[in-house]
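A.B. asks: how would this look folded up:
(2 chains, ligands or ions: 1)
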Amino acid sequence: MKVSLFATCIVDMFQTDVGKATVELLERLGCEVVFPKGQVCCGQPAYNSGYVKDAKEPMKKMIEAFEDAEVIVAPSGSCAFMFREYPTVFKDDPVYFEKAKKVASKTYELTDFIVNVLNVEDVGAKLEGKATYHPSCHMTRLLGVSESPKKLLSNVKGLEMVDLPNSYNCCGFGGTFSVKMGNISEQMVDEKVDSTLQTGADYLIGADGGCLMNIGGRMQRRGENVKVLHIAEVLNHH
Amino acid sequence: MSIQYNKHTFKDNVEENLNNSFMRGAVVSAQDRLRTGRINAAEELGDWEEWRAHGEEIRQHVLNNLDYYLHELAENVEKAGGHVFFAKTAKDATDYIQEVATKKNAKKIVKSKSMVTEEISLNEALEEAGCTVVETDLGEYILQIDNHDKPSHIVAPALHKNAQQVKDVFVDKLDYNPQKSAEAGELARHVRTTLRNEFLTADIGITGCNFAVAESGSICLVTNEGNAGMVTTIPKTQITVMGMERLVPTFEELEVLVNMLTRSAVGQKLPSYVNVMTGPRKPGETDGPEEFHLVIVDNGRSNILGTDFQSILQCIRCGACVNVCPVYRHIGGHSYNSIYSGPIGAVLTPLLAGYEDYKELPYASSLCGACSEACPVKIPLHELLLKHRERIVEQEGKAPISEAMLMKAFSLGGSSSSIYATGAKIASRVVAPLSKNGKISKGPGPLKAWTEVRDFPAPKKERFRDWFKEHEKGSDK
Ligand code: SF4
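C.D. replies: Numbering: from 1, shown residues only, chains lettered A, B, ... in the order given. Predicted coordinates:
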């Protein structure tokens, strides 16, 4: 299957390892991965801050870059969800509404794609240690993907999965929220870090770059030893 | 009390409350308890999603036909011998109620919880008219005797206090024996004795209204303490104050919504008391008021009808959204500076009281969607918060200029992939010197707020798209 990779801007600039792992993983699973060149950012930061008009420019670019794709895969729940929301954003624009629908209908978050399109639950990954999983809000509640990552992780050899207390609580990232409401965000991420420490896990795994940057950044600042990993890195570890 | 608590900024309130570890401990444990209760009680109903869809449908139907049902309700209340007053503004409502109090020569008024009376500052108006007003719900009563402390939750107004703090208030204000325990039952018993006399000597009883039933002109009150029953049966005159949207067509819908209300609010299958009253006492009846007034309050609600925000009027004030909100969890109800706290407050307060004082509330959310998921009548709360932001930015022009510029740049960068690619390259060159060991610990501009508490990753030397170009070449070989 030919997969058009929507790398997300966080991956492009900061988490190149996640991008590499995603490509290698998909290729290992028999996909041909292409990177549509015209891609920019999905528009989420502006959109979620109320700058809907400004957000539409990059969104249009994205629609054009991806409209001819066979299937679109993103290693991020919230960015995939943003694509799925495009038809709502362009509901009053006859031209882009149709295109947006096309893009939305073939967009998948990485683990959802592996489990529900490729029908694979064991990717043959191996990682020694104890891990806990943070379910990102947009991915679980809005995109509706919650079981796929857990299934895939449960089949990673050597990895013991433990439950994260209060896992359903937001980590406090929320895009510009983490900056605008910095002190509230700090308390939220601290609770997430504390819950992770309680589990005694070696790894905290997530499927959304923003949340991982937030939790990982706080872990690092507090000098904690838990390693924060994107699920693609875990699934590509063999 | 009006809708607003104080003139502090949102930031000041948050600062104060984030530092209040007592409050935060109480809120966190209450949230965890209420959330689990709600999930269990919802599961017992079978297909909760179907119930939600039904609940939503009922509420939407009412709002889309509000004129019709309000008319029907008013007619039936009058038929049953009651008086109906439509109050366009808060002042219309308080003027009318003051007038009733004066006519009745009322000295003492007992009340049972009603948010709308707080919204319209009814207690102050009555006190001005020379009446003593006694709140009779335990939570409200505690706040009232504790120097008019403010409610911090829409269902459990004294949620920010723990039992020990309540006991301290009682010792201080109600001569509670300090040797006695701080156990909830014991404290409640003490209040019951104190309040009994208030009920017996009150001239007027004032209640809120969970739902009014249009087909019969009845008022339904859902409570756990039984005090609403006393407020509506003992005093000779009863006044019920309701928001204009709080009604259902028939008893059938009432049953559905009461079920959803109690399960969503406190995880109960059924509340201890469901009082349904229709008009004043009729000849031959043994209890109930001699005179009944229904005050239907608009106070900004009709401006919401027919707008993008109409669905917020579906709210049945269960507090489920508050109980799952991770932001409320840390800042508590007082930070919202409004009687409506949590996600419902962040959406509703700016609509009722304007952006001037409340333009920060729509940003007090990480848009995690927990509220929308919990709402029994499917109000898309996080989407409404986004709508507020869009309005603030695009119509009200209230966004900070620096931010607007940044977003313009973002839009420009996003309008062309080559600008985007160059922009990303430049951005990474600009921040590169700030990084040490692959991280940035002290960043400028928007990074400053981030790096105050977290490290920021240094941009990678090789961007992913560059790696991919090389990778592609390799796989072509
Ligand atoms: S918005 Fe929904 S969840 Fe929140 S109080 Fe109203 S009905 Fe309950």
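A.B. asks: all contacts plus neighbour counts: C-alpha atoms, from now on.
C.D. replies: Fine.
A.B. asks: for the ligand, what is the nearest residue in chain A?
C.D. replies: Ranked by C-alpha to the nearest ligand atom, the top residue of chain A for proximity to the ligand is residue A:141, at 15.5 Å.
A.B. asks: mind jotting down where the strands sit in chain A?
C.D. replies: Using DSSP state E, the strands of chain A run over residues A:2-5, A:32-34, A:71-74, A:107-109, A:126-133, A:157-162, A:203-206, A:227-230.
A.B. asks: quick one, which of the ones you listed is nearest to residue B:296?
C.D. replies: Checking those against residue B:296 by C-alpha to C-alpha gives strand A:107-109 as the closest, at 48.6 Å.
A.B. asks: with residue B:166 as the reference, measure out to the residue of chain A closest to the ligand.
C.D. replies: 37 Å (C-alpha to C-alpha, to the nearest Å).
A.B. asks: ok, back up a step: what's the local residue count around the spatially closest residue to the residue of chain A closest to the ligand that is not a sequence neighbour?
C.D. replies: Closest residue to residue A:141 in three dimensions, ignoring its sequence neighbours and counting by C-alpha to C-alpha, 6 or more residues apart in numbering or on different chains: residue B:369, at 6.5 Å. Residue B:369 has 23 neighbours, counted by other C-alpha atoms under 10 Å in any protein chain shown.
A.B. asks: name the residue most distant from the centre of chain A?
C.D. replies: Note on chain A: the largest C-alpha distance from the chain mean falls to residue A:94, namely 29.5 Å (C-alpha atoms, centre = their mean).
A.B. asks: gap between it and residue A:101?
C.D. replies: Using C-alpha to C-alpha, one gets 11 Å for the distance from residue A:94 to residue A:101.
A.B. asks: ok, residue A:132 next?
C.D. replies: Relative to residue A:101, residue A:132 is positioned 35 Å away (C-alpha to C-alpha).
A.B. asks: equivalent analysis for residue A:127, please.
C.D. replies: As for residue A:127, its distance to residue A:101 is 39 Å (criterion: C-alpha to C-alpha).
A.B. asks: same question, residue A:139
C.D. replies: Noted for residue A:139: a distance of 19 Å to residue A:101, by C-alpha to C-alpha.
A.B. asks: my read: residue B:253 touches residue B:58, true?
C.D. replies: Yes: using C-alpha atoms under 8 Å, residue B:253 is in contact with residue B:58, at 7.0 Å.
A.B. asks: nearest the geometric middle of the chain, what residue?
C.D. replies: Using chain A here. Centroid-nearest residue in chain A: residue A:76, 1.7 Å away (criterion: C-alpha atoms, centre = their mean).
A.B. asks: correction: the question concerned chain B.
C.D. replies: Most central in chain B (C-alpha atoms, centre = their mean) works out to residue B:340, at 3.6 Å.
A.B. asks: now do the same contact list for it.
C.D. replies: Going by C-alpha atoms under 8 Å, 6 or more residues apart in numbering or on different chains, residue B:340 touches B:3, B:153-154, B:346, B:348-349.
A.B. asks: so what does it have for phi and psi?
C.D. replies: The phi and psi values for residue B:340, taken as degrees, to the nearest 10, are phi -100, psi 110.
A.B. asks: returning to that earlier point: of the contacts of residue B:340, list those near chain A.
C.D. replies: With C-alpha under 8 Å from any C-alpha of the partner chain as the criterion, the contacts of residue B:340 include none near chain A.
A.B. asks: just give me the closest of those residues to residue B:222.
C.D. replies: For the contacts of residue B:340, the minimum distance to residue B:222 (C-alpha to C-alpha) is 14.0 Å, reached by residue B:154.
A.B. asks: against residue A:87, how distant is the residue farthest from the centre of chain A?
C.D. replies: Relative to residue A:87, and taking C-alpha to C-alpha, residue A:94 is found at 10 Å.
A.B. asks: so what's the closest residue in space to residue A:163 that isn't next to it in sequence up against?
C.D. replies: Closest residue in space to residue A:163, ignoring its immediate chain neighbours: residue A:132 at 6.0 Å, by C-alpha to C-alpha, 6+ apart. Contact partners of residue A:132, counting by C-alpha under 8 Å, 6+ apart, are A:161-164, A:196, A:199, A:201, A:203-205.
A.B. asks: of the residues you listed, buried ones?
C.D. replies: The neighbour-count test (16 or more other C-alpha atoms under 10 Å in any protein chain shown) marks A:161, A:164, A:196, A:199, A:201, A:203-205 as buried among the contacts of residue A:132.
A.B. asks: which one of the residues you listed is nearest residue A:24?
C.D. replies: residue A:205 (18.5 Å).
A.B. asks: residue B:71: how many residues sit nearby?
C.D. replies: Counted with other C-alpha under 10 Å, residues neighbouring residue B:71 total 12.
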